[in-house]
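Enquirer: return atomic coordinates for the entry below.
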Amino acid sequence: PRAKHCLMSRRFRQSLLQSSTQVLAISSESLPSISSCVSSSARDTFQRRGICYQRVTMEDHKKPILNEPTTKLQPSKLPWYIATASVLVVVALATTLAVLWVKGVPCAPSSNTNGVSTETHMPINIATNSTSGCAGKKSTFPDTWLKFFHASDFHVDPTYYPNITAHTYCRNYSGWELADYEAPYGRVGCDPPELLTRNAFRAMKKVSKEETPDFIIVTGDMSAHDLGSLTGAAVLNAITIATDELKRNFRRTYVFPCLGNNDIPEDYYTPPHPQKWFESLMEQWKDFVFCKKCNWRFDEPPVNKAEFERTFLTGGFYKAQLAPKLTLLVLNTNYFSVKATVQTKLFLETAKGQLEWLRLHLQRAEDTKGKVIISGHIPPGISTWGQTPLWFDNYTQTYVNLTATRYPHVIGGQLYGHLHRDDFRLFSPEPTNPSPKHSSALLLTGAISPVYNNNPSFRLVYLDLERKAFVDYRQFYLNLASTNEHNAANWLHEYTFSEAFPSCYGQEINSRRILDLTNDVISTTEDNTWLNYIWHRPAGFLPDKATFSKNLQFCCMRSSNTAEVAECKKRHPFIPG
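Expert: Reported below is the predicted structural model:
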């Protein structure tokens with residue numbers, strides 16, 4: 001039936017609708033969700049192959065249309081009961097085929113290693129209404145908005161073996177074990193091979209044919225974990241692989257990368273005299289940071305080379321002018337990490353100088369009535385793994401004071417990676433009762449690497465130039481298990497933010513919106529926000545025997561340091577369920 005449906009001609013479909021009966025066309029919005037379809041005892045719904053259908057009867061017609069057949073049956077030639085049975089069979093067949101055509105069985109997309117399907121694919125169909133009663137609506141994206149890809153944590157691993165288990169991170173280390181199956185595209189629990197990185201960029205390229213990005217933001221960790229234990233050259237080689245793939249697929253698109261903790265010779269440890277290393281990275285990235293032939297909608301290029309060299313060669317941070325009165329500030333958060341325990345005098349001076357540089361640009365944005373976007377690798381706040389701090393407290397406190405207390409009105413958005421999870425953060429000087437006007441909202445994106453029990457993902461973000469703020473994003477992911485099983489990589493549209501997390505507080509993804517979302521996560525009157533959140537967080541990969549605590553996730557979202565987590569835990573005990 002699927003093949004016949006796909007090959008059905010338009011004329012034949014039209015002839016079906018002109019038969020002796022018609023069916024009511026059902027829009028996708030009018031169908032009940034899969035969950036309600038499964039739980040409903042009513043006869044008007046049923047589920048087949050993951051799709052919830054609604055049975056259609058003649059009572060569904062507002063204006064019943066019964067066309068007379070062009071050739072009438074001759075009662076004299078056929079017994080009445082045979083003629084009646086024949087009519088009923090024809091009517092039933094026509095009705096069935098018409099239902100398949102109107103709503104029906106979708107044609108299977110062709111499988112290819114570079115495929116991208118923009119059809120939303122969710123193994124569970126969760127309603128997107130929130131506690132406030134705001135229903136999710138189909139999003140539209142005006143051409144006047146800026147569009148950009150946000151991708152993070154590629155972790156390209158040239159030492160990956162497709163037939164070695166995750167016990168030794170798919171590397172030929174001592175004690176390695178042979179896997180039950182080969183995983184050419186990557187294995188959960190390991191950093192990915194070059195093939196997955198190459199395929200991810202080609203998927204982004206395919207998406208860009210429909211919606212051309214203005215630029216790309218990469219929030220760090222191009223290199224795999226622990227390559228620095230081999231040599232600094234191994235780290236640089238992995239960065240070169242990722243960089244070359246970016247250049248190959250986006251020759252005329254600006255890319256603004258930042259340093260991750262794995263993008264330096266030793267994990268988390270910036271070299272004592274880092275200028276030489278920063279020069280090597282600038283050589284790698286110069287073609288898409290200082291691009292002379294890139295498409296750009298504004299007169300001036302986004303990056304001033306002299307200014308870039310002055311800050312990047314000193315501390316690995318820089319700025320880019322995304323639009324008039326809209327500046328991107330790219331931080332090197334390795335200087336703030338709690339794991340950077342070896343600190344020289346130069347290191348401490350650079351960390352302090354970077355925060356002062358951030359303050360000066362926030363002040364400049366306020367003076368000129370502009371706004372800034374902040375991007376970095378390691379976010380401030382608390383990690384959900386062990387509820388441990390990610391930055392030293394003094395740096396976190398300074399950052400929260402700048403972004404939540406002093407300059408929240410000039411921040412259009414903040415983008416981070418590192419945790420390999422699709423997540424949100426909201427910091428406030430009053431964490432128990434945050435005010436939207438004095439809060440700082442962060443968006444964390446998932447990873448290309450599946451090393452931490454996640455599917456690979458990236459997103460396309462929409463930025464309204466008039467409001468100078470994020471207004472939506474669309475996320476794409478790869479089902480890694482299915483990809484390895486069928487040896488075909490088809491990236492799917494996972495979800496759109498405004499549809500999965502609707503709000504009554506306007507379109508901007510700002511502090512008010514994230515405050516509302518985090519409150520909905522621990523709601524006791526509905527679970528829709530929580531279920532959407534926990535499913536999308538690892539891009540649709542949930543390990544066996546997984547348990548989650550709503551309160552733990554909530555406290556990590558809303559706490560910037562360990563003291564705030566402890567206070568939050570008193571009010572919201574962590575109980576996995």
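Enquirer: every contact and neighbour count from this point should use C-alpha atoms.
Expert: Fine.
Enquirer: double-check that His167 belongs to a helix.
Expert: Yes - assessed with DSSP: H, G, I helix; E, B strand; the rest coil, His167 lies in a helix.
Enquirer: quick one, phi psi at the one residue sitting closest to the centre of the chain?
Expert: Nearest residue to the geometric centre of the chain (CA atoms, centre = their mean): Gln475, 3.7 Å. Note on Gln475: its backbone torsions stand at phi -110, psi 140 [degrees, to the nearest 10].
Enquirer: same deal with Glu182?
Expert: Dihedral angles for Glu182 - degrees, to the nearest 10 - are phi -80, psi 140.
Enquirer: quick one: residues contacting it.
Expert: 162-164, 484 (CA atoms under 8 Å, 6 or more residues apart in numbering).
Enquirer: farthest-apart pair in these, please.
Expert: Farthest pair in the contacts of Glu182 (CA to CA) is Ile164 and Asn484. Separation: 14.1 Å.
Enquirer: who has more neighbours, these two?
Expert: Ile164 (23 against 17; other CA atoms under 10 Å).
Enquirer: show me what contacts that one?
Expert: Counted by CA under 8 Å, 6+ apart, Ile164 has contacts 170-172, 176-179, 182.
Enquirer: still on that earlier bit, from the contacts of Glu182, pick the one nearest Ala340.
Expert: Nearest member of the contacts of Glu182 to Ala340, counting by CA to CA, is Ile164, at 31.5 Å.
Enquirer: wait, Ile216 touches Arg252, no?
Expert: No - judged on CA atoms under 8 Å, Ile216 makes no contact with Arg252 at a distance of 11.1 Å.
Enquirer: can you give me the neighbour number for Asn295?
Expert: 15.
Enquirer: with Lys276 instead?
Expert: Quick note: Lys276 (other CA under 10 Å) scores 12 neighbours.
Enquirer: so for it, what's the pLDDT?
Expert: If you check Lys276, the pLDDT there is 95.
Enquirer: quick one, phi psi at it?
Expert: Note on Lys276: backbone dihedrals following degrees, to the nearest 10 are phi -60, psi -40.
Enquirer: how far away is it from Ala224?
Expert: 21 Å (CA to CA, to the nearest Å).
Enquirer: and for Phe347?
Expert: 24 Å.
Enquirer: then Val342?
Expert: From Val342 to Ala224 the distance is 22 Å (CA to CA).
Enquirer: cool, and Thr168?
Expert: 14 Å.
Enquirer: between those two, which one's more packed in?
Expert: Relative neighbour count places Ala224 above the other of Thr168 and Ala224, with 27 against 15, counting by other CA under 10 Å.
Enquirer: so what's that one up against?
Expert: By CA under 8 Å, 6+ apart, the neighbours of Ala224 are 154-157, 191, 235, 238, 262.
Enquirer: just flag the most distant two among those residues.
Expert: Of all pairs in the contacts of Ala224, the most separated under CA to CA is Asp191 and Val235 at 13.4 Å.
Enquirer: OK, contacts around Ser337?
Expert: 268, 378, 390-392.
Enquirer: that one bridge partners, please.
Expert: Going by DSSP bridges, Ser337 is paired in beta bridges with Trp391.
Enquirer: tell me which of the contacts of Glu182 fall in helices.
Expert: Judged by DSSP state H, these include Asn484 as members of helices.
Enquirer: right, and the residue nearest to the centre of the chain touches Ala447 too?
Expert: No - counting by CA under 8 Å, Ala447 is not a contact partner of Gln475; they are 11.5 Å apart.
Enquirer: give me the low-pLDDT residue ranges for the stretch 1-150 of the chain?
Expert: 1-140 (pLDDT under 70).
Enquirer: try 50 this time
Expert: 1-78, 99-115, 117-132 (pLDDT under 50).
Enquirer: for the residue nearest to the centre of the chain, which non-adjacent residue is spatially closest?
Expert: Distances taken as CA to CA, 6 or more residues apart in numbering place Arg459 nearest to Gln475, at 4.2 Å, with adjacent residues excluded.
Enquirer: count the residues that sit near His493.
Expert: His493 has 22 nearby residues by other CA under 10 Å.
Enquirer: relative to Ser457, how far out is it?
Expert: From His493 to Ser457 the distance is 10 Å (CA to CA).
Enquirer: between the two, which contacts overlap?
Expert: In contact with both His493 and Ser457: 475-477, using CA under 8 Å, 6+ apart.
Enquirer: just for the stretch 351-500 of the chain, where's the confidence low?
Expert: For the stretch 351-500 of the chain (pLDDT under 50), the answer is none.
Enquirer: show me where it has helices.
Expert: Ranges of helices in the stretch 351-500 of the chain, per DSSP state H, counting those that start in this stretch, are 393-400, 480-486, 497-500.
Enquirer: just name the most buried of these.
Expert: helix 497-500 (a mean of 20; mean count of other CA atoms under 10 Å).
Enquirer: ok, residues contacting the next helix-or-strand element following that helix?
Expert: Downstream of helix 497-500, the next assigned helix or strand under DSSP states H and E is helix 511-521. Defining contact as CA under 8 Å, 6+ apart, one finds that helix 511-521 is touched by 130-131, 424-426, 434, 436-437, 439-441, 501, 503, 505-506, 526-527, 529-530, 533, 550, 554, 557-558.
Enquirer: what residues sit buried inside the host helix or strand of Leu281?
Expert: Leu281 belongs to helix 275-289 when assigned by DSSP H and E. Buried residues in helix 275-289, counting neighbours by 16 or more other CA atoms under 10 Å, are found at 277-279, 281-282, 284-285, 287-289.
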